[in-house]
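A.B. asks: return atomic coordinates for the entry below.
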Amino acid sequence: MRATQLIFASVAISALTGCASLYDWMRGHPDEAELDASAKPALEVTVHDGEFAKIQQFVTPGGVSVWLVSEPSIPILAVQMAWKGGSAADPAGLEGLAEVVTYNMNEGAGDLDSLGFTTAMEDLNMSFGCTAGAEWTSCSVSSLTANAGPAMDLVATAFAAPRFDQGPFDRFLREEEVGLKTRETNPNYLAWRATAQALYPDHPFARETSAESLAGLSADKAREHMRALMTKDRLIVTAVGAVTPEELAPLIDKVAAGLPETSTVAPVAPIDLSKAPVTQTVVNLPQPQSLVRFIGPGIDRNHPDFFPAFVLNYTFGGGGFESRLMKTLRVEKGLTYGISTSLDPNPSLLSWSGGGQTKNESAGEFIAGVKEEMTAFVTTGVTEAELSDAKAYLIGSYPLGFDSNAKIAGQMMTVRQENLGVDYFDRRNALIEAVTLEDVNRVSKSYLDPARYSFVIVGEPQGIEKPAL
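C.D. replies: Here you go, the predicted model:
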């Protein structure tokens, strides 16, 4: 069954009554929709008719690369846009600049101030917002297909003429200033900071917003930086909805028309955790529980060990109550409410990490238990039953990631960002099914040695040798 057939059909079709159709909107914009065939060539569309989705790939007349899943049964258009370059590209001393850019993208544009822009989105029953990750700047749009033209017009105005008014800018600063205070009592944030400072202190990933960097920000700098982050040449788009490539292309080109052609955003140098020191750090924080985080080197998606490791992670700590860490540390020993692990294939920071919370009194026992389970994986591996359960879950649950237009667009964007290939959705389950017990146990020996993992403990732990910071 295709994922596009799995989309929930609970949208109220009656909401479309009285709305102009996308066709009607385009009829009212002949400069976009009624182009003479001799003036602009027809789109060249490459179709991948896969098991999960029929993906149409094309480049718009304006030069934007798009992946589209046409879903005529659901009258919603979901669009994802992304540019390589995020918060790691902030100039040193101006940490927070990418965040203030994305914060303000729906806070006013053109003749519309913040309230006017919000009201316009509400009138169109649409959503639009942007975020800045470490390496990617992303924006998403969702609207009824009948309103797609006016909705994308509004988004185009946000890209062409963002206001960066002082009111929203100052609100961002106030919120960030509150965040600077609250993060000092947030164990997850303190664990991240301690990990970064211990393993890659001089890398852009280790930089953090400060009172000094916030003081250096300005609306003019944000406007200038927006033009560096969001350019036509680095824009990639994924979309799902009741539109054809011919209908979508002019909408995307209108949005991209207000962007600069190009800019230079320096790529982020990769971090090799296998060369980083293995440490144990304690961050003192008065609280009744200790947060324990551990991290070690991960595996690139293109490495033959990746899918065996992906399957192994389910049994190790990624499978909830089916994982060994949960069975041992929660169910058998009662040391924690929950513990989990994850495998991150980001080429810039390949990692295998995990963590959980325990009473301060049992922190030492908790860490010992994690290491004992790692050692058990190294020495005895997993069982056939564990392998079978992991593969069944990872394959069986996969379609749940395709049950809405927005989810499908997001899944396609991940595939694009990680260069997995348009056929990845069809290959993925077969790659999992092909994993053998020998593969998994080989990976266990290579990657789960506790000597490869650094630990950070935040709280007032007992039974820990490392002095508190």
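
A.B. asks: could you use CA atoms for every contact and neighbour count after this?
C.D. replies: Fine.

A.B. asks: how far does the helix or strand where Met152 lies sit from the chain's center?
C.D. replies: Using DSSP states H and E, Met152 falls within helix 148-160. Offset of helix 148-160 from its chain centre (C-alpha atoms, centre = their mean, to the nearest Å): 24 Å.

A.B. asks: I'd like the next helix or strand past that helix.
C.D. replies: Downstream of helix 148-160, the first helix or strand assigned by DSSP H and E is helix 166-182.

A.B. asks: which other residues reach that following helix?
C.D. replies: Helix 166-182 is contacted by residues 100, 103-104, 107, 114, 209-211, 214, 219 when judged by C-alpha atoms under 8 Å, 6 or more residues apart in numbering.

A.B. asks: can you put those in a markdown table and add secondary structure?
C.D. replies: Listed next are the contacts of helix 166-182 as a markdown table, based on DSSP: H, G, I helix; E, B strand; the rest coil:
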| residue | secondary structure |
| --- | --- |
| Val100 | helix |
| Tyr103 | helix |
| Asn104 | coil |
| Glu107 | coil |
| Ser114 | helix |
| Thr209 | coil |
| Ser210 | coil |
| Ala211 | helix |
| Leu214 | helix |
| Ala219 | helix |
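
A.B. asks: and of those, the nearest to Arg301?
C.D. replies: Of all the contacts of helix 166-182, Arg301 sits closest to Thr209, with 30.8 Å by C-alpha to C-alpha.

A.B. asks: and what about Ala141, helix, strand or coil?
C.D. replies: Small correction: residue 141 is Val, not Ala. strand.

A.B. asks: how about the closest residue to it other than its chain neighbours, secondary structure?
C.D. replies: Setting aside the residues directly before and after it, Val141 is nearest to Phe128 in space (C-alpha to C-alpha, 6 or more residues apart in numbering), at 4.6 Å. Under the three-state scheme (three-state DSSP), Phe128 adopts strand.

A.B. asks: tell me the pLDDT at Leu16?
C.D. replies: pLDDT, Leu16: 31.

A.B. asks: let me fix that, I meant to ask about Tyr23.
C.D. replies: At Tyr23, the predicted lDDT confidence score is 36.

A.B. asks: please, where are all the helices along the stretch 201-350 of the chain?
C.D. replies: Secondary structure of the stretch 201-350 of the chain (DSSP state H, counting those that start in this stretch): helices at 211-215, 219-229, 245-256, 306-313, 324-325.

A.B. asks: JSON lines please, covering those helices and showing distance to Trp83.
C.D. replies: Below are the helices of the stretch 201-350 of the chain laid out as JSON lines (distance: least, C-alpha to C-alpha, whole Å):
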{"stretch": "helix 211-215", "distance to Trp83": "24"}
{"stretch": "helix 219-229", "distance to Trp83": "7"}
{"stretch": "helix 245-256", "distance to Trp83": "12"}
{"stretch": "helix 306-313", "distance to Trp83": "26"}
{"stretch": "helix 324-325", "distance to Trp83": "38"}
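
A.B. asks: if we can go back for a sec, show me the contact partners of the helix holding Met152.
C.D. replies: Helix 148-160 has contacts (C-alpha under 8 Å, 6+ apart) with 22, 25-26, 77, 105-106, 108-110, 121, 124, 126, 128, 143, 251-252, 254-259.

A.B. asks: equivalent analysis for stretch 276-284, please.
C.D. replies: 190-191, 194, 198-200, 451-460, 466-469.

A.B. asks: low pLDDT regions in the protein?
C.D. replies: 1-41, 466-469 (pLDDT under 70).

A.B. asks: can you rerun that using 90?
C.D. replies: 1-42, 50-53, 71-74, 263-267, 403, 464-469 (pLDDT under 90).

A.B. asks: what's the domain layout of the chain?
C.D. replies: 3-256, 273-459 (automatic domain parsing).

A.B. asks: between the two ends of the last one, how far is it?
C.D. replies: When the termini of domain 273-459 are compared using C-alpha to C-alpha, to the nearest Å, they are 25 Å apart.

A.B. asks: repeat that for stretch 155-172.
C.D. replies: 21 Å.

A.B. asks: now stretch 116-132: buried residues?
C.D. replies: The neighbour-count check on stretch 116-132 (16 or more other C-alpha atoms under 10 Å) flags 117-118, 120-121, 124, 126-132 as buried.

A.B. asks: please enumerate the strands of this structure.
C.D. replies: 46-49, 54-59, 65-70, 76-84, 127-132, 136-144, 235-241, 280-284, 289-297, 339-344, 351-359, 454-459 (DSSP state E).

A.B. asks: thanks a lot, catch you later.
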